[in-house]
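Engineer: Everything below, folded, please.
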Amino acid sequence: MGQNYQFDEFDRLKIIEIAHKFSAQKQVADIQPFGSGNINDTFLVSLQEAETYSFILQRINTKVFREPKLVMQNMRTYANHVRDRIQDSPLDRRWDVPQVLQTQQGEDYWQTESGEFWRSLSFIADSQSFDVMESIEQVREFGYALGTFHLLTSDLAPERLADTLEGFHITPRYFRQHEEVLASSNFKRSPEVDYCLKFVSDRKGLAHILENAKVAGKLPLRTMHGDPKVNNILFDRQTKLSVSVIDLDTVKSGLVHYDIGDCLRSGCNPAGEETNQWEDVQFDTELCQGILQGYFSMARSFLTEYDYAYIYDAVRVITFELGLRFFTDYLAGSIYFNVKYPEHNLLRSLVQFRLVESIESQQTVINKIIKDIR
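Structural biologist: Okay, the predicted model is just below:
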């Protein structure tokens, strides 16, 4: 959600001044960096009159989100729709949606003279997130949360949402970028690089599966989250149940299969994306079963036969897409993803490509899981 941000006293006073734009007449008691993401700067603001932390304050990274007003428009459209939907058809448990807070002037953002773009969101109290799932119950809740997100937006017309990140999760576009970089860059050959080159070359058709299904009318455009990874799900501290999906900057019109695939990709690789032991990476089908049990429990009402038919491909495609993005960035000199050492993106791509191989080797098992649960 936010990054580990260090601020001095001057920064702190400046941020408190911005917090006051959103806090009406209440005085800010404290402000602290919050979260562990790497896109926006995020702070937790507490007020003197309140017993608990009152709201989240974020500085939007406008290099990534070049039209932040459209991001806010999408967030407001989503939040209002889900609030109304829950009012009309209440869920049988707690479910919270981060609400956009307004400034005293009635705006849902504050822009400084230097162009910084700030927003404020309600704080989901008594909740926590995890970087790694710790039990099969948590895994089911991870799937439940994404299923709930998709269910509550299944009747939100996708054309109401602006495209805030053009080309995001359009796999053929990443493949074209790869070919352009490949043709123009001078990269160092190694056994690992050769493995990746052959891996991508052997799977040219994989990049087009979901987009071809969209063009053929088999998979409709719906509201997608865009980044449904493990630590974007909040869990109730008491009940241990999932209560919210956060990090809504990438909410837009798209294929929910990119979400389903990404949820399974991130949730079913116990070794994680940053492991050095890439050759040992495995797709865990028991975790896959748990996630899909949770997901289908909420999503059955709107999924079609074609939706089910493309779930296995969705996991392959999104895993291939991320590996391709890492590998392309490595070939280009690591200009997009932050790296800790020169071969970092190469190793990340190897992890994802090995995960694709593990998924492909278990196609029969994965399809049987899908069939049995539904």
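Engineer: In contact with Leu210, which residues are there?
Structural biologist: 171, 219, 255, 257-258, 310, 313-314, 317 (CB atoms under 8 Å, 6 or more residues apart in numbering). Every residue, glycine included, has its C-beta placed from N, CA and C.
Engineer: Glu116: which of these is nearest?
Structural biologist: Tyr258 (30.7 Å; CB to CB).
Engineer: Apart from its chain neighbours, what residue comes closest to Ser266?
Structural biologist: Spatial nearest neighbour of Ser266, excluding adjacent residues (CB to CB, 6 or more residues apart in numbering): Lys229 at 4.6 Å.
Engineer: how deep is that neighbour tucked in, by neighbour count?
Structural biologist: Neighbourhood size, Lys229 [other CB atoms under 10 Å]: 16.
Engineer: Was I right to think it contacts Leu264?
Structural biologist: No. Applying CB atoms under 8 Å as the test, Lys229 and Leu264 come out as separate, 11.2 Å apart.
Engineer: Now do the closest residue to Phe149 other than its chain neighbours against His178, distance only.
Structural biologist: Nearest residue to Phe149, sequence neighbours excluded (CB to CB, 6+ apart): Val245, at 4.7 Å. Remark: distance between Val245 and His178 (CB to CB, to the nearest Å) = 30 Å.
Engineer: Compare these two and say which is more crowded by neighbours.
Structural biologist: Neighbours per residue (other CB under 10 Å) separate Val245 from His178, with Val245 holding more: 24 against 19.
Engineer: and that one, what does it touch?
Structural biologist: 145-146, 148-149, 225, 228, 232-234.
Engineer: who wins for most neighbours among those residues?
Structural biologist: Phe149 (30 neighbours).
Engineer: what helices or strands is whichever helix or strand it is part of leaning on?
Structural biologist: Assessed by DSSP states H and E, Phe149 sits inside helix 136-152. With contacts taken as 3 or more CB pairs under 8 Å, 6 or more residues apart in numbering; DSSP states H and E, helix 136-152 sits against helix 68-88, strand 233-236, strand 242-245, helix 256-267, helix 285-299.
Engineer: quick one: buried residues of it?
Structural biologist: Across helix 136-152, burial judged by 16 or more other CB atoms under 10 Å covers 138-152.
Engineer: next one: stretch 108-120
Structural biologist: Those would be 108-110, 117-120, for stretch 108-120 by 16+ other CB under 10 Å.
Engineer: Same question for stretch 201-218.
Structural biologist: 203, 206-207, 209-211, 213-214.
Engineer: low-confidence ranges in the stretch 101-250 of the chain?
Structural biologist: Counting by pLDDT under 70, the stretch 101-250 of the chain has no low-confidence residues at all.
Engineer: just the strands in it please.
Structural biologist: 110-111, 117-122, 127-128, 222-224, 233-236, 242-245 (DSSP state E, counting those that start in this stretch).
Engineer: which residues make contact with the third one from outside it?
Structural biologist: Spelled out, it's strand 127-128. Contacts of strand 127-128 (CB under 8 Å, 6+ apart): 96, 234-237, 243-244.
Engineer: Next: the longest one.
Structural biologist: With contacts defined as CB under 8 Å, 6+ apart, strand 117-122 is touched by 18-19, 21-22, 45, 55-60, 62, 68, 72, 98-101, 103, 108-112.
Engineer: Of the residues you listed, keep whichever come out buried.
Structural biologist: Buried among the contacts of strand 117-122 (16+ other CB under 10 Å): 18-19, 21-22, 45, 55-60, 68, 72, 98-101, 103, 108-110.
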